[in-house]
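Chemist: give me a model of this one.
(one chain, ligands or ions: 1)
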Amino acid sequence: MTTGTTQVTKAAGARAAETGQLAVDVRGLRKRYGPVTAVDGIDLAVPHGEVFGILGPNGAGKSTTVEILQGHRTRDGGEVSVLGADPATAGRDWRARVGIVWQDESAPAELTVRETVSHFARYYPHPRSPADVLDLVGLQEKADSRIKALSGGQRRRLDVALGIIGDPNLLLLDEPTTGFDPAARRQFWDVIRALADEGTTVVLTTHYLQEAEALADRIAVIARGRVVAEGEPAALRREYGGEAVVEWTEPDGGPRDLRTTTPTRTVAELMSRFDGEIPGLRISRPSLEDVYLRLTGQEDGPKSEEDER
Ligand SMILES: Nc1ncnc2c1ncn2[C@@H]1O[C@H](COP(=O)(O)OP(=O)(O)OP(=O)(O)O)[C@@H](O)[C@H]1O
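Modeler: Here you go, the predicted structure:
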């Protein structure tokens, strides 16, 4: 359910989209910490209404990038426009339109969930209704629970509730599900999808490939402070996936495999050679995980949900 205010601000987002203005427009972003180059010339273009994933291994420069978008970190170079303003100098009105999900929001443990959300709503000129927000994040049944009694996953959903109570046009999330168990992670994804369905632009960082693939319309893969690939998950797989592998078993029992960009032709040739079923036929394509590992040059691979069980 959306409030009247939500419709008005989302309509403003749609108008910006019509005029071709991007929600996030970053060009040549650079940031150093002493001798360490954390961000080394990043470009990002996120249209209104998109869920955009910044994916990369530890230390790639994701948090630094998002903190600059939030206006919480200075940059050394490049141009940054977020909802049409430079975060380094944007004022209060801009802050009210950008939702930030803090980790470990310092909400008073003795307050109830409803009291906390209602309290934070007062900071914003056009807040959403606290009841709608609790509904959206799936905390309506916990509305009268004290914060100290929430589970970790519920606590994180409260953090999201506080990030969206001001009815932002853009939500910026830095590694929102780190430390979640698989069930909590899936519930959290549902919350993000619900926001996206309402038209909220979402930029989130993650080092979980599966999370980026599940949520993002487009992904920027970053490594060592640079964007190494960008596009829709399926397009990335197509573009960087390379060849398919066709495997089969010869009549003498010998296993065979062939790397090819035309697996259909290979199978057609095999069909003309074999009478009936081709023994042991298997066609595999590189997964997005294979692509990600190659792009980021990781030896030990990205984290998966399984690692955290
Ligand atoms: N305040 C800081 N002072 C000095 N170096 C920093 C600081 N913050 C980050 N760095 C360094 O900058 C690089 C990028 O860090 P950043 O936190 O942006 O990466 P990240 O992709 O978010 O990593 P993670 O997934 O581990 O959070 C790393 O080498 C990191 O050690």
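
Chemist: who's in contact with His119?
Modeler: Neighbouring residues of His119 by CB atoms under 8 Å, 6 or more residues apart in numbering: Leu111. Just so you know, the C-beta spots here come from the backbone N, C-alpha and C atoms, and that holds for glycine as well.

Chemist: just read off the phi/psi values of it.
Modeler: Dihedral angles of His119 (phi, psi; degrees, to the nearest 10) stand at phi -60, psi -50.

Chemist: over to Trp94?
Modeler: Dihedral angles (degrees, to the nearest 10) for Trp94: phi -60, psi -40.

Chemist: ditto for Gly78
Modeler: phi 100, psi 170.

Chemist: now do the SS call for the residue nearest to the spatial centre of the chain.
Modeler: The centroid of the chain falls nearest to Gly53 when counting by CA atoms, centre = their mean (3.2 Å). Here Gly53 is recorded as strand under DSSP: H, G, I helix; E, B strand; the rest coil.

Chemist: next one: Ile54 from Ala90, what distance?
Modeler: Ile54 sits 20 Å away from Ala90, going by CB to CB, to the nearest Å.

Chemist: which one's more surrounded, the two?
Modeler: Ile54 (30 against 17; other CB atoms under 10 Å).

Chemist: from what I can see the more buried one touches Val202, true?
Modeler: No: judged on CB atoms under 8 Å, Ile54 makes no contact with Val202 at a distance of 11.2 Å.

Chemist: quick one on the thing from earlier: and the residue nearest to the residue nearest to the centre of the chain when sequence neighbours are not counted, what does it touch?
Modeler: Distances taken as CB to CB, 6 or more residues apart in numbering put Ala216 closest to Gly53, at 3.2 Å, once the chain neighbours are dropped. By CB under 8 Å, 6+ apart, Ala216 lies in contact with 51-53, 55, 204, 233.

Chemist: same question, Glu67
Modeler: By CB under 8 Å, 6+ apart, the neighbours of Glu67 are 73, 174.

Chemist: picking that back up, for the residue nearest to Gly53, give its distance to Val203.
Modeler: Taking CB to CB, one finds Ala216 at 9 Å from Val203.

Chemist: any shared contact partners between these two?
Modeler: With CB under 8 Å, 6+ apart, Ala216 and Val203 have common neighbours Phe52.

Chemist: where along the stretch 151-300 of the chain do the strands fall?
Modeler: 170-174, 201-206, 218-223, 226-231, 244-249, 255-260, 282-284 (DSSP state E, counting those that start in this stretch).

Chemist: who are the packing partners of the fifth one?
Modeler: Same thing as strand 244-249. strand 255-260, helix 263-273, strand 282-284 (3 or more CB pairs under 8 Å, 6 or more residues apart in numbering; DSSP states H and E).

Chemist: of these, which approaches Val46 most closely?
Modeler: Of all the helices and strands packed on strand 244-249, it is strand 282-284 that lies closest to Val46, at 33.1 Å by CB to CB.

Chemist: which other residues reach the closest one?
Modeler: Contacts for strand 282-284 (CB under 8 Å, 6+ apart): 244-248, 263, 267.

Chemist: so what strands line up beside that strand?
Modeler: The pairing partners recorded for strand 282-284 under DSSP bridges are strand 244-249 (antiparallel).

Chemist: now the strand it pairs with against strand 255-260, angle please.
Modeler: 160 degrees (axes from the mean of the first three to the mean of the last three CA atoms, to 10 degrees).

Chemist: quick one: pLDDT of the residue in the chain sticking out farthest from the centre?
Modeler: In terms of distance from the mean C-alpha position of the chain, Asp252 ranks first, at 49.7 Å (CA atoms, centre = their mean). As predicted, Asp252 sits at a pLDDT of 89.

Chemist: swap in the one 10 residues further on?
Modeler: Per-residue confidence at Thr262 stands at 90 (pLDDT).

Chemist: check Arg238 too.
Modeler: 78.

Chemist: what's the neighbour count on it?
Modeler: If we define neighbours as other CB under 10 Å, then Arg238 has 13 of them.

Chemist: now Val245
Modeler: 16.

Chemist: chain neighbours aside, what residue packs nearest to Ser81?
Modeler: Nearest one to Ser81, counting by CB to CB, 6+ apart, is Asp25 at 4.3 Å.

Chemist: so which of the contacts of strand 282-284 wins on neighbours?
Modeler: Val246 leads those on contacts (other CB under 10 Å) with 23 neighbours.
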